[in-house]
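>>> sharing a model prediction with you, sequence too.
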Amino acid sequence: MQRLPSLPLPASMSASLLALVLAGSQAHADLPADTIGQTTLPFPPEPHRTYVIDAEFENQVASRVIVVDPDSRKMLGMLSTGGMAPAVLSNDRKTIFTADMFYSRYTRGTRTDVLTAWDSSTLEPAWEVEVPPKRASMLTQRYAVATSADDRFAYVYNFTPSTSITVVDTTSHKVVNELNIAGCVLDYPVGKRRIASLCGDGNVQVVTLDDQGQEVSRSQTPFFKPDEEKLVERAVGVGDIYRFVTTTGTVHGIDLSGKEPKVLPSWSLLSDEDKKGGWAPGGWELMAIAPKLNRLYVLMHPDHQPQMWEDPSQTIWVYDLKTHKKIGTLESPSYVWSLHATSDDHPLLLGTNIDGGLEIFDLTSGKHTGTMEKLAKTPIQILNH
């Protein structure tokens, strides 16, 4: 191919181009250097600061915790966690614990499980402890990781499929025990040194520890009839009182605050008319309690089918926990899968919707006040101090 001859530029054009290059270089040099900053959140946390657990169902090797202020509708930060990690907040409000799972080749290789302690103000890891690689691999839920009332111990629920609980001393940052809870699930914390689990034979098992995290005793208390009803294990607790619901709407409660467990009288969410209408509860974290109002909030379905007890809903029924009477209904603009109520004097009811957003209800007025859109991909659990 014949090359075209180079043509010299006129002197005036050469000077103009040189001036433009020099001017561009000078302008670039005058730009300020980029910096990376970090926001430290105030302590103690605001009463409505909220942590949304994103299980990232389409990519289960990585998950996250999104921190938001539902009052201002602002995102405050994010924690990157490993493998559909369950999370819990410490009682002193200083720490966020996550039970993470990682593989050396991201999707394969050697598995490593760790309990990570995150600073609730900086949202940075403060420390971590490697734990046995047994943490339950499941959609995150309450009581898959928990802490003692004094935050001395953290409890990680394991499923291999044999079930056990890893006990971590948060002072020495060491694993101090693994409790065999075969036939039972989850770790519902009770006071400073006890852990309860729900068992497939209908019992509630309580294990008592000493100050070194070693088992002192265990007991089992008959609680429900598994041959007659299906009890959802995702309880809602206030203090040491836990309430469960069956797939057909019977509430079972147990008070673990005393020396011996006290089974509370069961009651139904449904009137005879509700039953005729086919109503029943359904959702993932399908119940929430606002302690200052002493009210229970439950996701409900009309024309309920046997396999719909984990489906989302737009309807939330409100109950007085003293009278067990239904006192209201809330309607969400979107289908909600999980609920959580704040515990302050002006509580909010928060619900994760199926589009990745957060529905916000003011429980003082009983009104839906807004939606934070598309915060996450699979937001299935909500935490609040």
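Everything's here; your move. Owing to the predicted nature of the structure, the values given are computational and were not obtained by experimental measurement.
>>> CA only for contacts and neighbour counts going forward, please
Noted.
>>> which strand is the longest one in the protein?
If you go by DSSP state E, the chain has its longest strand at strand 325-341.
>>> ok, the helix or strand following that one: who's next to it in the sheet?
Note on strand 325-341: by DSSP states H and E, the next helix or strand toward the C-terminus is strand 348-353. Strand pairing for strand 348-353, using DSSP bridges, gives strand 325-341 (antiparallel), strand 358-362 (antiparallel).
>>> which of those is buried the deepest?
strand 358-362 (a mean of 23; mean count of other CA atoms under 10 Å).
>>> restricting to C-alpha, output that one in CSV.
Written as CSV, here are the backbone C-alpha positions of strand 358-362 (Å, rounded to 0.1, in the frame of the first residue of the first chain):
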residue,chain,number,x,y,z
LEU,A,358,-38.2,-1.2,52.7
GLU,A,359,-41.8,-0.3,53.6
ILE,A,360,-42.2,2.1,56.5
PHE,A,361,-45.2,2.4,58.9
ASP,A,362,-45.6,4.9,61.7
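>>> show residues contacting that strand.
70, 332, 334, 336, 346-353, 367-375 (CA atoms under 8 Å, 6 or more residues apart in numbering).
>>> could you list the low-confidence segments of the stretch 101-250 of the chain?
The model of the stretch 101-250 of the chain has no residue with pLDDT under 70.
>>> which residue ranges of it form strands?
Ranges of strands in the stretch 101-250 of the chain, per DSSP state E, counting those that start in this stretch, are 111-119, 125-131, 145-147, 153-159, 163-169, 174-180, 184-190, 194-199, 203-209, 215-222, 231-238, 241-246, 250-255.
>>> strand partners (parallel or antiparallel) of the fifth one?
Using DSSP bridges, strand 163-169 pairs in its sheet with strand 153-159 (antiparallel), strand 174-180 (antiparallel).
>>> and the closest residue to residue 190 other than its chain neighbours, how many neighbours?
Excluding the flanking residues, the one nearest residue 190 by CA to CA, 6 or more residues apart in numbering is residue 240, at 5.6 Å. Using other CA atoms under 10 Å, residue 240 is surrounded by 17 other residues.
>>> got phi/psi on residue 240?
Dihedral angles of residue 240 (phi, psi; degrees, to the nearest 10) stand at phi -110, psi 20.
>>> got it, and residue 383?
Dihedral angles (degrees, to the nearest 10) for residue 383: phi -120, psi 150.
>>> tell me how far it lies from residue 254.
As judged by CA to CA, to the nearest Å, residue 383 and residue 254 stand 22 Å apart.
>>> over to residue 268?
To residue 254, residue 268 is 15 Å away according to CA to CA.
>>> between these two, which is the more surrounded one?
Higher neighbour count among residue 268 and residue 254: residue 254, with 20 against 14, using other CA under 10 Å.
>>> picking that back up, how far off strand 231-238 does the longest strand of the chain point, in degrees?
Strand 325-341 and strand 231-238 meet at an angle of 80 degrees, taking axes from the mean of the first three to the mean of the last three CA atoms, to 10 degrees as the criterion.
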